[in-house]
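Peer 1: quick one: sequence plus predicted model below, questions after.
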Amino acid sequence: MKLNCDLGESFGAWQMGLDAQVMPLIDQANIACGFHAGDPTILVRTLGLAKQHQVEIGAHPSYDDKQGFGRRSVKMQADELKHLLWYQIAAVDGVAQSLGLQLSYVKPHGALYNDMMASPALLETVMQAVASYHKPLKLMLLATASAAAHRQLAKDYHLEVLFEAFADRRYTAEGALTPRSQAGSVLDHQAALAQVQQLLQSGSVQSDTGHSVFIAADTLCVHGDNPEAVALVQSIRQVLDGQ
């Protein structure tokens with residue numbers, strides 16, 4: 001199983017995340033496109049780190065919501081969202097090519113990610129947008145009980161998908177992420193490591209109700225926005241390397 005992390009989320013003089021510490025530990029970098037975080041110089045710097053450590057790169061587009069860090073839903077027409085995604089993907093893709101890198105996938109950010117997992121119509125719009133980009137790219141989305149249906153829908157658009165699980169988030173009995181507003185939604189170091197071990201051994205997680213929920217994931221999302229989070233990523237990397 002691969003490790004992915006959201007990176008490139010600084011902006012100007014404002015530092016977000018510990019990208020230089022996290023990049024050597026991961027396999028896939030989801031890089032901000034400038035609409036929830038990031039700027040041109042941060043983009044170049046983050047791509048440079050990915051190149052240095054031979055990390056696969058993905059575009060991490062969002063709603064146009066820099067003030068809210070992309071965590072607020074924005075009602076949009078399907079064509080508007082498609083064009084917004086093309087614009088952001090192309091920014092990362094173009095700069096990556098200028099540095100001798102190739103973009104390989106797209107992972108929507110924040111509210112857009114949550115909205116597409118909750119709305120079949122929105123998910124289909126996102127799939128259409130990625131599938132109609134001028135070159136093949138994969139789409140990363142949450143691994144849920146509906147994974148088979150999502151894979152079939154993607155196949156209809158000749159789109160390859162990557163399913164992800166979360167190392168440090170509690171799941172509901174339906175296989176969704178518990179809201180961050182709910183107590184216990186973010187796991188501590190030991191609980192997150194236990195969840196990773198369970199995913200690797202049985203392809204399941206323990207839900208907030210204590211039941212096992214089976215999740216078929218290709219990649220594991222981790223966060224590196226503080227020293228404790230980086231320590232967790234290091235521990236997870238050791239677990240994966242010791243398989």
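Peer 2: Happy to help now that I have it.
Peer 1: tell me the spacing between the residue found closest to residue 166 once you drop the neighbours it is linked to in the chain and residue 58.
Peer 2: Leaving aside its sequence neighbours, residue 166 sits nearest to residue 221 (Cβ to Cβ, 6 or more residues apart in numbering; 5.0 Å). Any C-beta I mention is one placed from the backbone N, CA and C, and that applies to glycine too. Distance of residue 221 to residue 58, computed by Cβ to Cβ, to the nearest Å: 11 Å.
Peer 1: where do the contact lists of these two overlap?
Peer 2: Among the neighbours of residue 221, those also in contact with residue 58 (Cβ atoms under 8 Å, 6 or more residues apart in numbering) are residue 4.
Peer 1: so which of those two has more stuff around it?
Peer 2: Remark: of residue 221 and residue 58, residue 58 carries more neighbours, 27 against 21, as counted by other Cβ atoms under 10 Å.
Peer 1: A strand includes the residue nearest to residue 166, no?
Peer 2: Yes. The assignment for residue 221 (DSSP: H, G, I helix; E, B strand; the rest coil) places it in a strand.
Peer 1: in this structure it contacts residue 7, no?
Peer 2: No. Taking contacts as Cβ atoms under 8 Å, residue 221 lies outside contact range of residue 7: 11.7 Å.
Peer 1: what ranges does the protein have for its helices?
Peer 2: Taking DSSP state H as the test, the helices found in the chain are 19-22, 40-52, 78-98, 110-118, 120-131, 147-156, 189-202, 227-241.
Peer 1: among those, which comes closest to residue 174?
Peer 2: helix 110-118 (11.3 Å; Cβ to Cβ).
Peer 1: and the contacts of the closest one?
Peer 2: For helix 110-118, contacts defined as Cβ under 8 Å, 6+ apart pick out 36, 61-63, 65, 69-74, 107-108, 122-123, 125-126, 141-142, 144, 176.
Peer 1: would you mind checking those for buried ones?
Peer 2: Among the contacts of helix 110-118, those classed as buried by 16 or more other Cβ atoms under 10 Å are 36, 61-63, 65, 69-70, 73-74, 107-108, 122-123, 125-126, 141-142, 144, 176.
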